[in-house]
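**Student:** Here is my input; please provide its structure:
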Amino acid sequence: MPQNRFHNRPERRFVRPDDNYILFDVGASGELGNSKVTGFVSVNTTASKNDGNYQAITIGVRVPL
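**Tutor:** As a prediction, this is how the structure comes out:
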């Protein structure tokens, strides 16, 4: 196994998947009324075994220029 240039330990070549958390992403969008304006909402949640949970909500409006 090749050595890392910055440390005297073997360099890892492959990253294994982590089974300590689950990521949930949900989103929706739609036109607001009869205009060309679009509203959207996105919800992101992480459920972790070791480090706690994380939640985020994004709400936005897209207006054509």
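
**Student:** So what's the gap between stretch 54-65 and the chain middle?
**Tutor:** Centroid separation between stretch 54-65 and its chain, computed with CA atoms, centre = their mean, to the nearest Å, is 14 Å.

**Student:** Could you give the average pLDDT over it?
**Tutor:** Averaged across stretch 54-65, pLDDT comes to 90.

**Student:** List the buried residues of that stretch.
**Tutor:** Judged by neighbour count using 16 or more other CB atoms under 10 Å, stretch 54-65 contains no buried positions. To be clear about C-beta, it is placed using only N, CA and C from the backbone, and glycine gets the same treatment.

**Student:** What lies in contact with it?
**Tutor:** Outside stretch 54-65, the residues that touch it by CB atoms under 8 Å, 6 or more residues apart in numbering are 32, 36-46, 48.

**Student:** Now, of those residues, which are buried?
**Tutor:** Listed as buried from those is no entry at all; burial here means 16+ other CB under 10 Å.

**Student:** farthest pair in those?
**Tutor:** Pairwise distances across the contacts of stretch 54-65 peak at 40.2 Å for Lys36 and Ser48 (criterion: CB to CB).

**Student:** any chance of the contacts of stretch 54-65 in CSV, plus distance to Ile59 and secondary structure?
**Tutor:** Converted to CSV, the contacts of stretch 54-65 look like this (distance: CB to CB, whole Å; DSSP: H, G, I helix; E, B strand; the rest coil):
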residue, distance to Ile59, secondary structure
Leu32, 12, coil
Lys36, 19, coil
Val37, 14, coil
Thr38, 12, strand
Gly39, 8, strand
Phe40, 7, strand
Val41, 5, strand
Ser42, 8, strand
Val43, 10, strand
Asn44, 13, strand
Thr45, 16, strand
Thr46, 19, strand
Ser48, 25, strand
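
**Student:** so which of those comes closest to Ile22?
**Tutor:** Taking CB to CB as the measure, Ile22 lies nearest Thr46 of the contacts of stretch 54-65, at 7.1 Å.

**Student:** what pairs with that closest one across the strands?
**Tutor:** Thr46 has these beta-bridge partners by DSSP bridges: Leu23, Tyr54.
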